[in-house]
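> I would like to see how this sequence folds:
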Amino acid sequence: MTFSALSHLECPRCGVTHDADQIIGLCPCGSPLLARYDVPVVQSALKKADLAARPADLWRYHELLPVRSPENVVTLGEGMTPLLPLPRYGAELGVDRLLMKDEGLIPTGTFKARGAAVGVSRAYEVGVRKIAMPTNGNAGSAWAAYAARAGMEALIAMPIAAPEICRREVIAVGARLQLIDGLIGDAAAYIREQSGYFDASTLKEPYRIEGKKTMGLEIAEQLGWQLPDVIVYPTGGGVGIIGIWKALNELRDLGWIDGPLPRLVAVQSTGCAPIVRAWEKGLPESEPWVDAKTVAFGITVPKALGDFLVLQAIAETGGCAIAVDDEDILAEQHRVAQLEGTFICPEGAANFAAIRTLRESNWIQANDQVVALNTGAGLKYPETVPL
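Numbering: from 1, shown residues only. As a prediction, the model looks like this:
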């Protein structure tokens, strides 16, 4: 058994398989590629009980991650964030078993460190030494940090309106920062014009999603392999919700979990809700959102490359997509802090605005166990708290 049971890459749209041991981006059909693993090999080499003796980081699941050699792991200690009960706030919402997985405690202050850790590690392993990517802020600062850790060059393009701290983080670790007057799509257009870099844009490389899926693996392990009823996720590019769905399906294939998967909820802002609109119309993919703008800047993605996978994930789990107003996002951010003492990011707060609405409509019931992902530290968004 090698460090990883990675088998091949597979296109979820056309079904074509690809050799994983090459520098590769999208499938020729234009779809993102998904990493696949040799399930019988994992079953014979790893048991659930074995995990208890391993370090409390995301690399504890290395058989289900794509890095073939431990020497190529680039890490800052990411993973195994707490799953916190929110009893006072949950009582206010009428959701007694409300839990929050707090990704604000991970390196660089957001869940983006998971995708960066695995994406940079695998890119380095297959020979990449220069990466470039567009970002709304946090992904860029995370990938810049891990690129620095690996000794790689990084070019990060982000909108001028991105959080200032993310710009400072990119500069601090020595990456090249390009500010763009526009949205993330305009930053992506700039990156496409550059040469000599590997494009690490969201889902344009296959391994960011593998880092993000460890949130799903951790949730299952932290709950004793008994799954919650609902998982709520703020959705921009959608990599996190796709990754959690992928993780849970892999655990089911291994025989480590059984029964129905949690109902997955994709949360967006009413100022940028292309996936919600597609869900409501019953479309297989979204249409570009015009004039996108929201206080939850990290989910300002007018058209996600992997939108068809997000829509498939929520459909197959009996989930839903919901949009919430910016005013409600800020209100819930402050309410969670007041009742539970945890200052969460606006994207994470969007989840709680959605949970309040879904509980009021009884889509979420009082006895449901609900896990909400707080994707980053509120301290990275000081402007959301007026002095």
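> All the strands of the stretch 101-250 of the chain, residue numbers only.
For the stretch 101-250 of the chain, the strands defined by DSSP state E, counting those that start in this stretch occupy 130-134, 153-159, 176-180, 198-199, 230-234.
> partners of the first one, with directions?
Right, the one you point to is strand 130-134. With DSSP bridges as the test, strand 130-134 is paired with strand 153-159 (parallel), strand 198-199 (parallel).
> Check these for me and report the most buried one.
Of all the strands paired with strand 130-134, strand 153-159 has the most neighbours on average by mean count of other CB atoms under 10 Å, namely a mean of 24. Yep, even glycine has a C-beta here, placed from its N, CA and C like the rest.
> Can you lay out the strands of the stretch 101-250 of the chain as a markdown table showing distance to Ile219 and mean pLDDT?
Shown next, in a markdown table, are these (distance: least, CB to CB, whole Å; pLDDT from 0 to 100):
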| stretch | distance to Ile219 | mean pLDDT |
| --- | --- | --- |
| strand 130-134 | 27 | 97 |
| strand 153-159 | 29 | 97 |
| strand 176-180 | 34 | 97 |
| strand 198-199 | 30 | 97 |
| strand 230-234 | 7 | 98 |
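> Can you add distance to Val276 and give those strands back as a markdown table?
Output for the strands of the stretch 101-250 of the chain, formatted as a markdown table (distance: least, CB to CB, whole Å):
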| stretch | distance to Val276 |
| --- | --- |
| strand 130-134 | 23 |
| strand 153-159 | 22 |
| strand 176-180 | 26 |
| strand 198-199 | 28 |
| strand 230-234 | 12 |
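> Figure out which of these is closest to Leu93.
For Leu93, the closest of those is strand 230-234, at 11.7 Å, according to CB to CB.
> From the centroid of the chain, which residue is nearest?
Gly240 (2.6 Å; CA atoms, centre = their mean).
> contacting residues around the closest residue to that one other than its chain neighbours?
Here the nearest residue to Gly240 in space, its sequence neighbours aside, is Lys212; by CB to CB, 6 or more residues apart in numbering that works out to 4.9 Å. Contact analysis of Lys212 by CB atoms under 8 Å, 6 or more residues apart in numbering lists 111, 114-115, 239-240, 242-244.
> now the helices for this structure?
Residue ranges of the helices in the chain, as given by DSSP state H, are 39-45, 87-93, 112-125, 138-150, 164-172, 184-192, 208-212, 214-222, 239-254, 274-281, 307-316, 326-340, 346-360.
> Quick one, which of the ones you listed gets closest to Phe297.
Closest approach to Phe297 among those (CB to CB): helix 346-360, 7.4 Å.
> and the closest one, C-alpha only, in CSV?
The C-alpha trace of helix 346-360 is given here as CSV (Å, rounded to 0.1, in the frame of the first residue of the first chain):
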residue,chain,number,x,y,z
PRO,A,346,-20.4,36.7,6.6
GLU,A,347,-20.4,33.6,4.4
GLY,A,348,-20.8,31.4,7.5
ALA,A,349,-23.5,33.7,8.8
ALA,A,350,-25.5,33.2,5.6
ASN,A,351,-25.9,29.6,6.7
PHE,A,352,-27.6,30.7,9.9
ALA,A,353,-29.9,33.1,8.1
ALA,A,354,-30.9,30.2,5.9
ILE,A,355,-31.4,27.8,8.8
ARG,A,356,-33.7,30.4,10.5
THR,A,357,-35.8,30.6,7.3
LEU,A,358,-35.8,26.8,6.7
ARG,A,359,-36.9,26.2,10.3
GLU,A,360,-39.7,28.7,10.1
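> buried ones in it?
Of the residues in helix 346-360, 346-359 count as buried by neighbour count, 16 or more other CB atoms under 10 Å.
> repeat for stretch 54-62
Counting neighbours by 16+ other CB under 10 Å, stretch 54-62 gives 57-62 as buried.
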